[in-house]
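*Asks:* Have a look; sequence and predicted model below, questions after that.
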Amino acid sequence: MTTVDGPRMVREKMIVEYPADTRLSQSSTTPGGRSSLLRDEDNHLAGHSVLFPADDDLLTRAEADALADARARLTQAETEAMLKLAMAGAAAVGIAVTAAAVKAAPYVKKGFAALKSKLNRGEPELADEASGTIIEIEFPTTRSEQPPREMPTL
C-alpha cells in the first residue's frame, strides 16, 4: 500500500527486522518518525535495519501477541501433562518396589538367619563349669625347692 504525502514524499507499509538488543534511531527530519539506522543502549550507531515489503496477510502487533500467548499456553499445557505423567509413573514405580520388598522380606529374613547360624558355628562355646575349676600352676624357682601351696577355693 503506497500513499503520497505532499509533492515528494511516498509512504509505504514495510516490515522492519533488527536485532533485539538495538532500536531504531529517531528521525532528524520528521517528528515522531524513525530511521533505518540502529542504535545500541549507549546510543552508538549499531548498523542498519532490514526492510521487507508488507503483505496484506501479515498480522498486526496485537494479533501476533495473541498468537504468541496461545502458543505459550499450549506449551504450558503440554508441560503440565508431561509432569502429571511423570508423577504417575513415579508413583507406579514406588508401589511396585514396595510390593516387591514385601514379597521378598521373608526370603531375605530366612537368608540372614541362615548366614547368622553359619557364622555362629565356628565360635567355640564357653562351658559354665569352667568358672569353678581351680588350676594349679607350678613355677620353677631358683631358691630352695618349696612345696606348692594349696589355693583356697572360692
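*Replies:* Nice, thanks for sending it over.

*Asks:* By mean pLDDT, which helix or strand of this protein comes out lowest?
*Replies:* Lowest by mean pLDDT, DSSP states H and E among the helices and strands of the chain is strand 2-5, with a mean of 54.

*Asks:* ok, then the element right after it?
*Replies:* strand 9-12 (DSSP states H and E).

*Asks:* for that following strand, what is the average pLDDT?
*Replies:* What strand 9-12 shows for mean pLDDT is 78.

*Asks:* Could I get the buried residue list for stretch 25-44?
*Replies:* By neighbour count on 16 or more other CB atoms under 10 Å, the buried set for stretch 25-44 is 25, 37-39. In short, each C-beta sits where N, CA and C put it, glycine included.

*Asks:* Just the ones of those in strands?
*Replies:* Among the buried residues of stretch 25-44, the members found in strands (DSSP state E) are 25, 37-39.

*Asks:* In CSV, list those residues along with pLDDT and distance to Ser49.
*Replies:* Putting these into CSV (pLDDT from 0 to 100; distance: CB to CB, whole Å) gives the following:
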residue, pLDDT, distance to Ser49
Ser25, 85, 9
Leu37, 87, 8
Leu38, 85, 6
Arg39, 87, 11
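
*Asks:* For Ala105, give its distance to Gly111.
*Replies:* Using CB to CB, to the nearest Å, Ala105 is found at 11 Å from Gly111.
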